[in-house]
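Engineer: Dropping the sequence and predicted coords here.
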Amino acid sequence: MKKLIQDFELIKYKELNCEHFVLDIKAKEALPEILPGQFVNVKVDNNSSVFLRRPLSIHNVDYERNVIQLFVKRVGEGTKSLGELKIGDTLSVVYPLGNAFSIPKNAKTLLIGGGCGVAPLLYLSKFLHQAGNEVTIILGVRSAHDSVSLEAYKPYGRVLVTTEDGSQGEKGYPTQHSVLTNESFDYSFTCGPEPMMKAVAAYSKANDVTCEVSLENMMACGFGACLCCVTDTKKGNKCVCTEGPIFNIKDLKW
Ligand code: FES
């Protein structure tokens, strides 16, 4: 898939909670095909101390308006500066990067996202729904204050929530949700903190569920040149930015 470097205009900024925000960015030209699980690398022009582009998950795509939604967590200088952009500002974006989640047909699918890992699951749920799958999405956050907008996910499946303090949905981690013991699934897809993804992988192995995870290794170039994102798999070292970020757990040493 051809990679592009294009300027996008920031047309909308939405604060979700104190940590997360969503940027709607608009291209001048028609968008290329973008698959669920792929990401973009964004240049942070409004902070001269940030040299490297920032990899961000693609949250949603609107082909009619040439708009990509990026879900961002403030974790450092770069992402903090992205949150200070003004409507009308220009962002240089390299995309679409990485591989994509598999899309089965007519299966029972389970999507589990924790923290910022909920980002790629919206676009994925759209594809899974369109392919006739039954979609269950579990979104895990620390408390109701950290909750993301659930309405966006609801057209594509059943949305369940867990909070660590019990202030919304079931109390606990997403991998402790009762639906995992009460129902069975054919496929699971997960993104978020590694311990959570490893718990999803363990559940999937134990229950014969095909499982794909989105790895969030440190990245710099985003196109296979710097090797800072390499992960050791059963098939040897793999660049997460070009051969991932999506991996089937049978290929990982988990
Ligand atoms: Fe540079 Fe993957 S980020 S090789």
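Structural biologist: Noted; the coordinates are in hand. Quick caveat: nothing in here was measured; it's all calculated off a predicted structure. Numbering: from 1, shown residues only.
Engineer: quick one, what contacts the most centrally placed residue in the chain?
Structural biologist: By C-alpha atoms, centre = their mean, the chain has its centre lying nearest to Pro120, at 2.6 Å. With contact taken as C-beta atoms under 8 Å, 6 or more residues apart in numbering, Pro120 is in contact with Pro36, Gly37, Phe39, Ser57, Ile58, His59, Phe101, Gly113, Cys191, Ser214. Where C-beta positions appear, they are placed from N, C-alpha and C, glycine not excepted.
Engineer: and with 7 Å instead?
Structural biologist: Taking C-beta atoms under 7 Å, 6 or more residues apart in numbering as the criterion, Pro120 is in contact with Pro36, Gly37, Ser57, Ile58, Cys191, Ser214.
Engineer: what's the answer for Arg158, then?
Structural biologist: Each residue near Arg158 by C-beta under 7 Å, 6+ apart is listed here: Thr136, Ile137.
Engineer: before we move on, what about Glu164?
Structural biologist: Arg142, Ser143.
Engineer: Give me the buried positions along stretch 218-227.
Structural biologist: Burial within stretch 218-227, assessed by neighbour count using 16 or more other C-beta atoms under 10 Å, is assigned to Met219, Ala220, Cys221, Gly222.
Engineer: next one: stretch 137-145
Structural biologist: Going by neighbour count (16+ other C-beta under 10 Å), the buried part of stretch 137-145 is Ile137, Ile138, Leu139, Gly140, Val141.
Engineer: repeat for stretch 168-187
Structural biologist: Gln168, Gly169, Glu170, Tyr173, Pro174, Thr175, His177, Leu180, Phe185, Tyr187.
Engineer: Flag every residue of the chain that's near the ligand.
Structural biologist: Applying C-beta under 6 Å from any ligand atom, we find that the chain lies next to the ligand at Met219, Ala220, Cys221, Gly222, Gly224, Ala225, Cys226, Leu227, Cys228, Cys229, Cys239, Cys241.
Engineer: Just the closest of those to Val75, please.
Structural biologist: Closest approach to Val75 among those (C-beta to C-beta): Met219, at 13.0 Å.
Engineer: returning to what we had before: which among the contacts of Pro120 gets closest to Lys2?
Structural biologist: Looking across the contacts of Pro120 and measuring by C-beta to C-beta, the closest to Lys2 is Ile58, at 16.2 Å.
Engineer: surely the closest one meets Val42?
Structural biologist: No: in this structure, Ile58 is not within contact of Val42 by C-beta atoms under 7 Å, at 11.2 Å.
Engineer: Counting only strands, which of the buried residues of stretch 137-145 make the cut?
Structural biologist: Using DSSP state E, the subset of the buried residues of stretch 137-145 located in strands is Ile137, Ile138, Leu139, Gly140, Val141.
Engineer: ok, now which ones touch the fourth one?
Structural biologist: So the one you mean is Gly140. Gly113, Gly114, Thr162, Tyr173, Pro174.
Engineer: beta partners of the residue lying closest to the last one once chain neighbours are set aside?
Structural biologist: This means Pro174. Distances taken as C-beta to C-beta, 6 or more residues apart in numbering place Gly140 nearest to Pro174, at 3.3 Å, with adjacent residues excluded. On the basis of DSSP bridges, Gly140 is bridged to Gly114, Thr162.
Engineer: returning to what we had before: who wins for most neighbours among the contacts of Pro120?
Structural biologist: Cys191 (29 neighbours; other C-beta atoms under 10 Å).
Engineer: List the contacts of that one.
Structural biologist: Residues near Cys191 by C-beta under 7 Å, 6+ apart: Gly113, Gly117, Pro120, Leu121, Ser214.
Engineer: The nearest residue to the residue nearest to the centre of the chain once chain neighbours are set aside: which element?
Structural biologist: Spatially, and ignoring its direct neighbours in sequence, Pro120 is nearest to Ser57 (4.6 Å; C-beta to C-beta, 6+ apart). Element membership of Ser57, judged by DSSP states H and E, is strand 54-62.
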